[in-house]
Structure formats: structure tokens, C-alpha cells
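K.L.:
Starting from these lines, generate the structure:
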Amino acid sequence: MKLKEICHSRTGDKGDISNISLIPWNEADYPMLKEKVTAQRVKEYFSDICKGTVTRYEVDGICALNFVMEQALGGGVLRSLAMDKHGKALSSALLEMEVE
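P.N.:
You can find the predicted model right below:
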């Protein structure tokens with residue numbers, strides 16, 4: 001199944017860093033997300049654009065994961081030639097990831 005079937009997401013940015021949250025609709029799905037959606041998996045999924053590290057933060061109090069991707073916005077808003085310089089569509093892209 002795709003993550004979009006069980007989660008919603010938001011994206012933020014600061015310079016060349018993208019921040020993507022992943023929040024399950026049902027808190028019962030949170031343990032599975034913690035197991036399946038690792039920082040390494042997200043790094044591999046965004047390998048075409050993320051040239052730096054990916055760090056995952058677990059926000060257990062609200063059953064959410066937060067991924068910080070460094071060097072992921074083509075140098076940042078002022079330097080990037082990308083159509084989506086802020087990376088707002090990255091949350092939608094992550095929701096397309098398949099999980100078992």
C-alpha cells in the first residue's frame with residue numbers, strides 16, 4: 001500500500017533543508033510506520049534530489065515522524081532552478097512511497 005492510504009504529511013524548508021512530517025490517520029499505524037519508514041529508506045527514495053543526510057525524529061506524543069533532509073532543495077530558494085524551490089510537493093511525493 002502507499003503511505004497516502006494511511007497518512008497525511010506536511011513539508012517545510014529552511015535554506016537547502018527540507019523538513020517532511022508523516023502523520024498516520026490512525027494512531028494504531030504508528031508502530032508500523034516507525035518500523036518501515038526509516039531515515040535510510042527516505043534517503044533512498046529521494047536519492048535523486050537529496051544529496052545530504054536524512055535524520056528521522058520520532059514525535060511519539062503525537063504519533064508522528066519528522067524527516068530532515070539536508071542538501072535537498074538544489075541549494076535553497078535563492079539558488080535553485082527547480083520549479084518547486086521550497087519543496088512543498090515533497091510531502092505528496094513521500095506519500096507515494098510503498099510500504100508492506
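
K.L.:
Can you pull out the low-pLDDT segments for this protein?
P.N.:
Within the chain, the ranges that satisfy pLDDT under 70 run 75-88.

K.L.:
Helices along this structure, start to end?
P.N.:
30-36, 39-45, 90-94 (DSSP state H).

K.L.:
helices or strands next to the shortest one in the packing?
P.N.:
For helix 90-94, the packing partners by 3 or more CB pairs under 8 Å, 6 or more residues apart in numbering; DSSP states H and E come out as strand 7-14, strand 17-24. For the C-beta atoms, the positions are set from N, CA and C on the backbone; glycine is no exception.

K.L.:
Minimum distance to Glu70: which of these has it?
P.N.:
Set against Glu70 and scored by CB to CB, these come closest in strand 17-24, at 5.4 Å.

K.L.:
Not counting its neighbours along the chain, what's nearest the spatially most central residue of the chain?
P.N.:
Geometric centre of the chain, nearest residue: Ile20, 3.8 Å, by CA atoms, centre = their mean. Excluding the flanking residues, the one nearest Ile20 by CB to CB, 6 or more residues apart in numbering is Phe67, at 4.7 Å.
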